[in-house]
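Enquirer: here is the input, now give the coordinates:
(chains A and B)
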There are 2 protein chains.
Amino acid sequence: MNLSRYFPFLNWARTYNASAFGNDVTASLIVTVMLIPQSLAYAMLAGLPPVIGLYASIGPLLAYALFGSSRTLSVGPVAVVSLMTAATVSQIATPGSPEYASAAMLLALLSGVFLFISGFLRLGFLANLLSHPVISGFITASGILIAISQLKHLLGIEAHGHSLPELLGSIAQHIGQFHGVTLALGLSVIGFLLYTRSALQPLLMRWGLPGSMINAITKVGPAIAVILSTLVVALMGLDAKGVNVVGEIPKGLPGLTLPVFDAELWKKLLPAALLISVIGFVESVSVGQTLAAKRRQRIDPDQELIGLGSANLASAFSGGFPVTGGFSRSVVNYDAGAQTPLAGAFTAVGIAVATLFLTPLFKYLPIATLAATIIVAVLTLVDLGAIRRTWDYSKSDFIAMLLTILVTLGVGVETGVITGVLASLLLHLWRTSRPHIAVIGRVPGTEHFRNIHRHTVETNEATLSIRIDESLYFANARFLEDSVYELVANDKRVEHVVLVCSAINEIDGSALESLEAINEHLAESNVTLHLSEVKGPVMDRLKRSHFLELLSGRVFFSQHEAMLYLDREAT
Amino acid sequence: MNLSRYFPFLNWARTYNASAFGNDVTASLIVTVMLIPQSLAYAMLAGLPPVIGLYASIGPLLAYALFGSSRTLSVGPVAVVSLMTAATVSQIATPGSPEYASAAMLLALLSGVFLFISGFLRLGFLANLLSHPVISGFITASGILIAISQLKHLLGIEAHGHSLPELLGSIAQHIGQFHGVTLALGLSVIGFLLYTRSALQPLLMRWGLPGSMINAITKVGPAIAVILSTLVVALMGLDAKGVNVVGEIPKGLPGLTLPVFDAELWKKLLPAALLISVIGFVESVSVGQTLAAKRRQRIDPDQELIGLGSANLASAFSGGFPVTGGFSRSVVNYDAGAQTPLAGAFTAVGIAVATLFLTPLFKYLPIATLAATIIVAVLTLVDLGAIRRTWDYSKSDFIAMLLTILVTLGVGVETGVITGVLASLLLHLWRTSRPHIAVIGRVPGTEHFRNIHRHTVETNEATLSIRIDESLYFANARFLEDSVYELVANDKRVEHVVLVCSAINEIDGSALESLEAINEHLAESNVTLHLSEVKGPVMDRLKRSHFLELLSGRVFFSQHEAMLYLDREAT
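Expert: Residues are numbered from 1 along each chain as shown, chains lettered A, B, ... in the order given. This is a model prediction of the structure:
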């Protein structure tokens, strides 16, 4: 039994040394500083008290360090999954209520169970149902939704909604009550963060700092913004002047929390948990794969399901909410030199220390600062250029992407993802349901056969040679029947039909029945059916059916051989 | 504008003559005799008064004669669609109530609208979502369900349910109350029908009758059974002894009925109407195609949608219920020599005459006789051999078929179809999500390249040539990335990767992004990516993206050329 498949840490634990330890500790310090404001902000985005974000950044990281297969992935709260959590849970409970927090925990539990089971059943391939254009469209639309949803905190007003029309309508209704000081503070933070992102980097480069250090420094911008704005609020007493702050939060580590057992609630959360698992997994595995490839390492998608599943279970049992691997944090972790998942475990220790000792300092942390960090972070998710590139490359991908964006913005995240998946599946079936079919003839003086409409070729009027440029399966089986009957009905001289199978990698049961039907119906109108250039594996399969016994004609090794035989027949 | 596309009768009306008229009238007489008991029985199966079956066999036939593209299809009530109607409508209203009948009409209206719209949008290809094994499994399971559901009429007891466990449980509960005379009558009819099917045919053949006449005679068995058993009941007064009979039915033709406008009801019926449309269309188009092919005629699937749509609309507005093309009737119509859809119109006249003048005679028609005709008819739908053949040919088709059968029997028809469709889609994605990928090398002394694991070939240790035997799309894009990274990670000497694209008919947007990712990650670990043998249309597409500019290596016309170049590089 291969233990290291299920416990990937066995792969690196034996060779772990002081150098790797040093690298892991350094990386974990930088990620901790970055993760504190992120975890507070994303908990708020999920509609939860900010401290829950810290809870969700301890247990899950430890669990992932044990079971995850990526060495550098940084697990914890992320923007899109937090948005999906808010969209689901707020339909069931009021944000701020204990029921809300326990429903979020339950959502993590159910996601964890889904991921875990999928990992054991090796269902990682199901994530392939999400095509890149659909994911890209979904992430872009989610980014826009998240940014708009945070405007209320920036303006210091109330607003609700899970789609663009709802959100904009609600903001328009309350915009008159905006709070000037809050807005000024929020805009300052946004300005500061954009500055650290754009202007600081060239400056540090001119100072000659190494690239990885510059990257790390610009990524701690949010932490500096948190410290500075907290100081401003505390020193100037802005909280008394109406600036919303995080306020008193309970000290200490999360205890063991047990999920509620309420069949009705479980049933309501199930579909959302499934979607969150899939989206979280796809996001995470893309990041993990990108980073692993850079060091010529491998991640195992099925093991990633188990790693992320255990992280979500850990989150559920320690008062958290759904988590997954985050893009920006993982890149920082990688750049800072993390060697093993122990870097994640050290980060968990860092967050635990922060939860124990720093929480009193968050009392004066303004909500607007957290909103500003979210807005700046998610704007990088919005990739409008991808829409143009997709339009240029493939209209069918473009349709799937546009539908995903419009439905996500207009209706909501869940409906958006489902629409995208169904659209890309249907479009794929539509494309392969009408394969390219060519009537072919011999290029004079050769053994080559080409499309009669494109080349000057020799044919024999009693023989129709048809090449199908696609594997045959249920989605195109009927089209094949249609096409063959039409070609034969159009030419009353035809006595032989040869299906040229050089491009057919598979014939499924539906296509086999269609071939049988074609054979039978052609025979009834005195036309003989032949096959040529059948690939080995396809032939092996056909031999297991009765088709070859029923076939009115012969199976030729090559189309050349078929034509030699049929030309002789014709004379 | 091509009028004959939308009005297919224009194709044959000009050349219609006395000989075709004679054939059509003869065929219509035989089909009328066959259709009367069928329409009564299937209305009963749908939970409706038998006379509704006659109504649904007049207007729809006239509408289809105008708009349908098959010359021999016989439209009207059929077993599977009637079962689906019962399964849907009985969840909304009590069988026998006026609400039940109007919900069934509404179901016909909605199905008609769906079919009509799909025809105009040319969505006929969507029927391809149903693979043959799923249809075959569904029809077999429906046949079993229908037969079991009729046992109560044979036993003269009450029983309800829409799945096998429900039906069997309900029958077991009431079986003690069975009515002996009813059972004797029903079993006699079954015996008689089986005799006409099996023993009569050889007998008539020995008498030297022509095959088509024999076929027609054996098909009027149900009509003879109806007449005989009605006489028996009337003469012996069996209705007074507890044998259930059809009873008094209203005389005369159906008037124009208007569907009820109840948004709630419409919403409830919509999903079922969609399923009934799809199943009805698939059944009907298969029969139509089979018969058209025999005479080298063509049917147009998109026009069939319009034909069946108008038939269902006609049914809805004349007090009927969902209809479609029936298998056995269409075959009889064809064998009896029907030349044009006018045969269907003449059948409609025949049924109208029956409705006007024969309905008083149905007063003593025993329900058990109708149940017996249904049981004998649907047993031909059950094809257990297909299960075995599918198992032999393809395990993945077998799984889809078995799931369809088990869920249809165990849960019900609607869940059964949906499960089957989803299962076959997922299995298809699963199969194509892991395409065959081979590392190839040159067969010594040739320009041919083969799998290094199957042939003795020459390779160059700095170059990895990978051939992918499938088009690249979203379902296998990630697998491609995985495979390439794994192959490269396993061999640290690799400096060049060549993707051999000879079997790739398409690269969609997801696969393009995967190729870009592969190119970028390989470049980061100093491996150059090349392509070879890219097909023309695929190359045209790639030129519309930025991929060729980003590509770290070159695109070679042939793999031979690629190896010549890379061998030179290596030295």
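Enquirer: run the chain-centre distance for stretch A:377-385.
Expert: Distance of stretch A:377-385 from the chain centroid (C-alpha atoms, centre = their mean, to the nearest Å) equals 15 Å.
Enquirer: and it, how far apart are its ends?
Expert: Stretch A:377-385 has its terminal residues 18 Å apart, counting by C-alpha to C-alpha, to the nearest Å.
Enquirer: go ahead and name everything in contact with stretch A:179-193.
Expert: Contacting residues not belonging to stretch A:179-193 are listed as A:153-157, A:221-222, A:224-225, A:228-229, A:232-233, A:238, A:241-244, A:366, A:368-369, A:371-373, A:375-376 [C-beta atoms under 8 Å, 6 or more residues apart in numbering or on different chains]. C-beta coordinates here come from the backbone N, C-alpha and C atoms, glycine included.
Enquirer: among those residues, name the buried ones.
Expert: Applying 16 or more other C-beta atoms under 10 Å in any protein chain shown to the contacts of stretch A:179-193, the neighbour count classes A:153-157, A:221-222, A:225, A:229, A:232-233, A:238, A:243-244, A:366, A:368-369, A:371-373, A:375-376 as buried.
Enquirer: any residue of the longest helix along chain A touching chain B?
Expert: Assignment by DSSP state H gives helix A:263-294 as the longest helix of chain A. Yes. Counting by C-beta under 8 Å from any C-beta of the partner chain, contacts between helix A:263-294 and chain B involve A:289-290, A:292-294.
Enquirer: of those, grab the buried ones for ChimeraX.
Expert: Selection of the buried residues among the residues of helix A:263-294 next to chain B in ChimeraX, burial being defined by 16+ other C-beta under 10 Å:
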select /A:289,290,292,293
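Enquirer: out of the residues of helix A:263-294 next to chain B, who's nearest residue B:277?
Expert: Of all the residues of helix A:263-294 next to chain B, residue A:289 has the smallest distance to residue B:277: 42.6 Å, by C-beta to C-beta.
Enquirer: once you drop chain neighbours, what's closest to the residue nearest the centre of chain A?
Expert: Nearest to the geometric centre of chain A sits residue A:282, at 3.2 Å (C-alpha atoms, centre = their mean). Closest residue to residue A:282 apart from its sequence neighbours, by C-beta to C-beta, 6 or more residues apart in numbering or on different chains: residue A:127 at 4.9 Å.
Enquirer: same question for residue A:334.
Expert: residue A:72 (4.3 Å).
Enquirer: ditto for residue A:143
Expert: Sequence neighbours aside, residue A:381 is the residue nearest to residue A:143 in space, at 3.5 Å (criterion: C-beta to C-beta, 6+ apart).
Enquirer: what about the one you found, which SS state?
Expert: coil (DSSP: H, G, I helix; E, B strand; the rest coil).
Enquirer: how is chain A carved up into domains?
Expert: A:20-158+A:178-245+A:254-426, A:437-570 (automatic domain parsing).
Enquirer: out of those, deepest packed?
Expert: Among the domains of chain A, domain A:20-158+A:178-245+A:254-426 has the highest mean neighbour count (mean count of other C-beta atoms under 10 Å in any protein chain shown), at a mean of 21.
Enquirer: show me the contacts for the residue nearest to the centre of chain A.
Expert: Counting by C-beta under 8 Å, 6+ apart, residue A:282 makes contact with A:127, A:130, A:135.
Enquirer: and the helices in the stretch 51-200 of chain A?
Expert: Using DSSP state H, counting those that start in this stretch, the helices of the stretch 51-200 of chain A run over residues A:59-67, A:79-89, A:98-120, A:132-155, A:164-174, A:180-198, A:200-206.
Enquirer: OK, contacts around the residue nearest to residue A:334?
Expert: Neighbouring residues of residue A:72 by C-beta under 8 Å, 6+ apart: A:288, A:291-292, A:330, A:333-334, A:338, A:343.
Enquirer: re earlier: just checking, which of the buried ones among the contacts of stretch A:179-193 belong to strands?
Expert: With strands taken from DSSP state E, there is no overlap with the buried ones among the contacts of stretch A:179-193.
Enquirer: tell me the spacing between residue A:63 and residue A:256.
Expert: Separation of residue A:63 from residue A:256 (C-beta to C-beta, to the nearest Å) stands at 14 Å.
Enquirer: just give the nearest non-adjacent residue to residue A:144, would you?
Expert: According to C-beta to C-beta, 6+ apart, the nearest residue to residue A:144 is residue A:382 (6.0 Å).
Enquirer: relative to chain B, how far out is the nearest residue to residue A:321 once chain neighbours are set aside?
Expert: Spatial nearest neighbour of residue A:321, excluding adjacent residues (C-beta to C-beta, 6+ apart): residue A:104 at 4.0 Å. When distance is defined by C-beta to the nearest C-beta, to the nearest Å, residue A:104 is 30 Å away from chain B.
Enquirer: help me confirm that residue A:104 comes into contact with residue A:319.
Expert: No. Using C-beta atoms under 8 Å as the test, residue A:104 is too far from residue A:319 to be in contact (9.4 Å).
Enquirer: any shared contact partners between these two?
Expert: With C-beta under 8 Å, 6+ apart as the test, residue A:104 and residue A:319 both reach residue A:52.
Enquirer: next, the closest residue to chain B within the stretch 1-150 of chain A: phi, psi?
Expert: Residue of the stretch 1-150 of chain A nearest chain B, by C-beta to the nearest C-beta: residue A:131 (3.4 Å). For residue A:131, the backbone dihedrals are phi -80, psi 160 (criterion: degrees, to the nearest 10).
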